[in-house]
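When you get a sec, could you give me coordinates for this:
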Amino acid sequence: MTRFTAACLQMRSTRSVEENITALLAMAEAAVAQGARFLQSPEMSNIVERSRAGLFAAIRPEGEDPMLAAMRDFARRHKVHVHLGSLAVREGEKIANRGFLLGPDGGIVARYDKLHLFDVDLPNGESWRESATYTAGRCAVVAPLAAITPAEQGERNPVLGMGICYDLRFPSLFRALAEAGADILTAPACFTRQTGEAHWVVLQRARAIETGSFMISAAQGGLHEDGRETFGHSILVDPWGRVLAEADDQPGPLLATIDLALVADARIRIPTMRHARAIEVARQGFAEARAAE
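Coordinates of the predicted model:
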């Protein structure tokens with residue numbers, strides 16, 4: 001099976017799209033120089049901006065997005081796969097939180113709009129209402145990666161399952177992606193520090209273990225220009241739940257070797273994909289409980 005080097009490009013995106021393009025390209029060049037053939041950026045790579053007005057003023061529709069254009073050119077020049085974890089792109093009166101898989105020819109292989117929007121109130125006083133600004137996606141997405149190196153042209157293409165940030169908390173999505181053929185699952189993120197410290201690593205490992213898949217999740221990390229603080233800790237996890245590489249909260253590339261033979265091995269050893277059954281829930285004892293009240 002295919003072996004290749006993957007890189008998470010951990011960012012600390014600012015309010016300036018141009019600055020973020022420069023930072024991402026520099027990290028991508030460094031990762032390719034170290035042998036990476038699959039590169040992933042975090043959620044909201046092109047801008048991190050809490051102000052709705054500021055966000056709308058800075059971003060463009062997909063066809064005019066300068067980071068997308070720059071990374072398509074990068075993928076073409078280096079003949080690598082680039083997974084833009086997500087970009088904020090204008091969609092009428094709202095914004096799409098959209099991930100892109102770019103092929104080695106610079107073409108857009110797949111698009112994925114974040115399904116689950118982060119509408120929560122956290123114990124530390126942080127409040128988020130993504131649904132006020134963003135439009136939710138409508139379906140899950142899997143996409144093939146063309147052969148990673150020329151020597152592997154005769155092998156089956158690995159399949160990528162696309163998620164974004166808050167999607168990580170919905171195991172049914174990742175199960176569906178694996179059942180649809182995904183070998184590699186993703187949740188590039190802009191996790192808050194509070195929730196990240198509590199849940200990020202354990203959720204990444206859980207999604208890998210539950211499905212016998214790799215998890216590759218690039219993250220935003222550190223204190224951002226708009227005042228938010230993100231957890232960082234970009235991570236690559238193998239199908240047995242072992243952490244191959246984990247960052248701190250500083251920007252930079254994080255690399256690990258992906259050996260897809262481990263997917264088949266994990267799914268043979270613990271065949272939950274074959275053993276899963278449709279679940280019907282029986283509501284028993286409720287009438288008796290009400291009668292006893």
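
now the helices for the protein?
17-33, 52-58, 66-78, 171-179, 193-195, 201-211, 261-269, 272-275, 286-292 (DSSP state H).

Who are the packing partners of the longest one?
Put plainly, it is helix 17-33. strand 3-10, strand 38-40, helix 66-78, strand 252-259 (3 or more Cβ pairs under 8 Å, 6 or more residues apart in numbering; DSSP states H and E). Every C-beta, even on glycine, is put in place using the N, C-alpha and C of the backbone.

got the angle between the longest one and helix 17-33?
Interaxial angle, helix 66-78 versus helix 17-33 (axes from the mean of the first three to the mean of the last three Cα atoms, to 10 degrees): 20 degrees.

Can you tell me which of the helices of the chain is most buried?
Comparing the helices of the chain by mean neighbour count (mean count of other Cβ atoms under 10 Å), helix 201-211 ranks first with a mean of 20.

so residue 12 touches residue 222, yeah?
Yes - taking Cβ atoms under 8 Å as the definition, residue 12 is a contact partner of residue 222 at 4.5 Å.

Overlap in contacts, these two.
Contact criterion Cβ atoms under 8 Å, 6 or more residues apart in numbering; residues shared by residue 12 and residue 222: 230, 251.

quick revisit: just send the helices and strands packed on helix 17-33 back as TSV, with mean pLDDT and distance to residue 93 too.
Shown next, in TSV, are the helices and strands packed on helix 17-33 (pLDDT from 0 to 100; distance: least, Cβ to Cβ, whole Å):
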stretch	mean pLDDT	distance to residue 93
strand 3-10	97	31
strand 38-40	98	30
helix 66-78	98	21
strand 252-259	98	36
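
Let me know which of those is the nearest to residue 184.
Taking Cβ to Cβ, strand 252-259 is the member of the helices and strands packed on helix 17-33 nearest to residue 184, at 7.1 Å.

quick one: that closest one to helix 17-33, angle?
Going by the same axes, to 10 degrees, strand 252-259 makes 40 degrees with helix 17-33.

Run through who's touching strand 252-259.
Here strand 252-259 makes contact (Cβ under 8 Å, 6+ apart) with 1-10, 27-28, 30-31, 34-36, 38, 184, 214, 216, 218, 234-236, 238, 244-247.

could I have stretch 90-100 exported to CSV, CA atoms only?
Coordinates of each C-alpha in stretch 90-100 appear next as CSV, following Å, rounded to 0.1, in the frame of the first residue of the first chain:
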residue,chain,number,x,y,z
ARG,A,90,-18.7,34.8,0.4
GLU,A,91,-22.0,33.2,-0.5
GLY,A,92,-24.5,36.0,-0.9
GLU,A,93,-25.5,37.4,2.5
LYS,A,94,-23.6,34.7,4.4
ILE,A,95,-20.3,32.9,4.3
ALA,A,96,-19.3,29.4,3.5
ASN,A,97,-16.7,27.7,5.7
ARG,A,98,-15.4,25.6,2.8
GLY,A,99,-12.6,23.1,2.6
PHE,A,100,-10.8,22.4,-0.7
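
which parts of that stretch are buried?
90, 95, 96, 97, 98, 99, 100 (16 or more other Cβ atoms under 10 Å).

Contacts only, for the fifth one.
Applying Cβ under 8 Å, 6+ apart to residue 98 gives the contacts 62, 86, 87, 89, 111, 112, 113, 114.

Selection in PyMOL covering whichever of these are buried, please.
Entered in PyMOL, the line below selects the buried ones among these, by 16+ other Cβ under 10 Å:
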select buried, resi 62+86+87+89+111+112+113+114
